[in-house]
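1. Can you look at this prediction? I've put the sequence above it.
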Amino acid sequence: MDVKKLLDKKEEYIGKEVILSGWIRNHRKQKEFGFIDFSDGTCFKHLQLVYDDKLSDFSEIAKLHIGSAIEVKGTLIKSEGSGQDVEVKVSLIKLLGDCPLDYPIQPKRHTREFLREQAYLRPRSNLFQAAFRVRSIAAQAIHTYFRENGYVYVHTPLITANDGEGAGEMFQVTTLDLNKIKDKPDYSKDFYNKKVGLTVTGQLEAEAFAMAFKKVYTFGPTFRAENSNTKTHASEFWMIEPEIAFCDLNELMDIEEDMLKFIVNYVLENAKDEMEFFDKFVEKGLIEKLKKLVNSKFKRITHEEVITILKNAKEKFEFTPEYGEDIAKEHEKYITEYFNGPVFITDWPKDIKAFYMKQNKDGKTVAAVDLEVPGAGELMGGSQREEDLTVLTNRMKEMHVSEKGLEWYLNLRKYGGCVHSGFGMGFERLLIYLTGIENIRDVIPFPRTPGNCEF
């Protein structure tokens with residue numbers, strides 16, 4: 001029997017004997033009876049176990065340690081105390097796995113920094129029980145959305161020779177003995193006979209599949225060797241990257257808005273206990289914020305219009321907004337507050353965007369879009385892809401992007417190419433927004449950041 005099933009159908013089980021297996025989260029002992037806070041991990045809620053001195057092994061049960069694994073036999077009854085509707089009156093407890101007194105996850109408030117050091121145990125704390133259950137539910141929401149809308153799920157390679165973003169932030173993968181390399185490595189003797197690395201994006205390969213299936217998406221790990229120690233950067237993270245054929249920038253924004261609202265709704269419906277916990281203990285007003293997003297119409301505005309608004313703002317910014325340049329976190333925050341909701345910023349200066357983005361007729365901007373949301377800033381980035389082979393190759397020359405190794409990508413424009421678009425959303429950025437947890441290290445089970453690769 002699972003705790004989730006027992007609590008979901010408690011009226012059916014009141015007065016019946018049940019057998020449960022799980023862990024002791026807290027243990028309060030008194031002279032004639034005791035209370036065990038019990039969890040089996042099947043739901044966020046715990047179950048109270050009550051035992052008294054009428055049991056022959058009362059003294060042994062009273063010695064059970066916090067963190068121990070136990071099997072419980074007892075009767076589900078209505079609770080006389082506050083805090084729970086039902087509890088289990090214990091008839092038998094069997095110790096399955098003891099836990100010593102130096103167990104780190106004691107029933108008290110721990111700092112998130114301390115819990116990161118105990119990442120293999122932190123899922124046993126309330127905060128991370130909630131965080132990683134929401135991570136699971138949000139992943140289910142993403143797959144559900146795309147499946148229901150006719151997308152094909154594509155598993156793009158993790159090892160690649162293509163730096164899709166062109167930023168030179170790939171982790172290198174090699175079988176060469178680094179201790180024996182004195183000068184430059186001879187990649188012809190390496191495993192793949194060329195220089196390869198861990199992927200920074202599955203976009204380019206997803207575009208190939210979009211030219212066959214029309215609507216596809218990737219959802220998997222990506223890697224960036226970016227030496228950044230901010231709260232929103234990690235060297236290993238998960239990305240959602242849809243690619244859609246016969247789709248322009250405006251249609252892409254429709255999809256982004258529809259998808260995000262679906263995911264938020266799905267999480268609010270399927271993680272009610274966890275979201276109430278976050279609303280109460282992590283970010284006050286979180287549920288109201290998310291419901292407001294679901295019911296809002298996302299604003300669409302060009303990058304040039306954004307800079308004009310920022311320049312006319314009375315607020316003093318640390319970084320001066322400039323036409324033709326990127327915007328800072330403080331600018332993102334101001335714009336979402338200015339429009340009191342999510343904002344799509346379109347038509348970005350081409351000089352700060354990737355080579356594959358569709359060039360606009362003005363010759364200065366590309367058909368790119370970033371979605372800014374209140375409280376989190378940029379959540380998604382996408383564009384219409386350049387389908388004109390000549391324009392694309394000329395742009396690659398301008399940006400010093402080599403065609404070598406990308407011949408297949410260019411051929412997609414030659415062999416039945418068409419207007420197509422896609423976007424990327426960092427899964428952890430989404431989780432930060434959904435949970436109110438500010439640090440990316442706390443929404444990834446085992447975070448990988450500069451100088452940190454534990455567990």
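-> Here it is on my side, so go on.
2. just so I have it, where are all the strands in the stretch 351-455 of the chain?
-> 365-373, 377-384, 420-426 (DSSP state E, counting those that start in this stretch).
3. What is the second one packed up against?
-> Packing contacts for strand 377-384, counted by 3 or more Cβ pairs under 8 Å, 6 or more residues apart in numbering; DSSP states H and E, involve helix 249-270, helix 329-338, strand 365-373, strand 420-426, helix 427-435. Just so you know, the C-beta spots here come from the backbone N, C-alpha and C atoms, and that holds for glycine as well.
4. buried residues in the next helix or strand after the longest one?
-> Under the assignment DSSP states H and E, the closest C-terminal helix or strand after helix 249-270 is helix 272-281. Burial within helix 272-281, assessed by neighbour count using 16 or more other Cβ atoms under 10 Å, is assigned to 274-275, 277-279.
5. cool, stretch 53-66 as well?
-> Quick answer for stretch 53-66 (16+ other Cβ under 10 Å): 55, 58, 61-62, 64, 66.
6. who's in contact with that stretch?
-> 24-27, 29, 31-34, 36, 51-52, 70, 90-93, 95, 98-101, 103, 106-107 (Cβ atoms under 8 Å, 6 or more residues apart in numbering).
7. Which of those residues are buried, as a ChimeraX select command?
-> Buried residues within these, by 16+ other Cβ under 10 Å, are selected in ChimeraX with:
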select :24,25,27,33,34,36,51,70,90,93,95,99
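8. So which of the contacts of stretch 53-66 sit within strands?
-> Mapping those onto strands (DSSP state E) picks out 24-27, 29, 33-34, 36, 51-52, 70, 90-93, 95.
9. So which of those is the closest to residue 260?
-> Ranked by distance to residue 260 (Cβ to Cβ), the ones in strands among the contacts of stretch 53-66 are led by residue 25 at 34.5 Å.
10. Now do the nearest residue to the closest one once chain neighbours are set aside against residue 22, distance only.
-> Using Cβ to Cβ, 6 or more residues apart in numbering and skipping residues adjacent in sequence, the residue nearest residue 25 is residue 37, 4.3 Å away. According to Cβ to Cβ, to the nearest Å, residue 37 stands 10 Å off from residue 22.
11. Which one of the two is surrounded by more residues?
-> Set residue 37 next to residue 22 and count neighbours by other Cβ atoms under 10 Å: residue 22 wins out with 21 against 17.
12. Name whatever forms a beta bridge with the more buried one.
-> residue 70 (DSSP bridges).
13. shouldn't it be in contact with residue 69?
-> Yes: if you go by Cβ atoms under 8 Å, residue 22 and residue 69 touch, sitting 7.3 Å apart.
14. if we can go back for a sec, what's the closest of the helices and strands packed on strand 377-384 to residue 14?
-> Nearest to residue 14, of those and by Cβ to Cβ, is helix 249-270 at 25.7 Å.
15. Kindly format the C-alpha coordinates of the closest one as CSV.
-> Only the C-alpha atoms of helix 249-270 are listed here, as CSV (Å, rounded to 0.1, in the frame of the first residue of the first chain):
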residue,chain,number,x,y,z
LEU,A,249,7.7,34.2,-36.2
ASN,A,250,4.2,35.2,-35.3
GLU,A,251,2.9,31.6,-35.4
LEU,A,252,5.9,30.7,-33.2
MET,A,253,4.9,33.2,-30.5
ASP,A,254,1.4,31.7,-30.5
ILE,A,255,2.9,28.3,-29.8
GLU,A,256,5.3,29.6,-27.1
GLU,A,257,2.4,31.3,-25.3
ASP,A,258,0.1,28.3,-25.6
MET,A,259,2.7,25.8,-24.4
LEU,A,260,3.7,27.9,-21.4
LYS,A,261,0.1,28.4,-20.3
PHE,A,262,-0.5,24.6,-20.7
ILE,A,263,2.5,23.7,-18.5
VAL,A,264,1.7,26.2,-15.8
ASN,A,265,-1.9,25.0,-15.7
TYR,A,266,-0.8,21.3,-15.6
VAL,A,267,1.5,21.9,-12.7
LEU,A,268,-1.1,23.9,-10.7
GLU,A,269,-3.6,21.0,-11.2
ASN,A,270,-1.3,18.1,-10.6
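16. show me the contacts for residue 367.
-> So residue 367 contacts 248-249, 346-347, 357-360, 383-384, 421 (Cβ under 8 Å, 6+ apart).
17. can you count the residues close to residue 302?
-> 15.
18. One more: residue 253?
-> 20.
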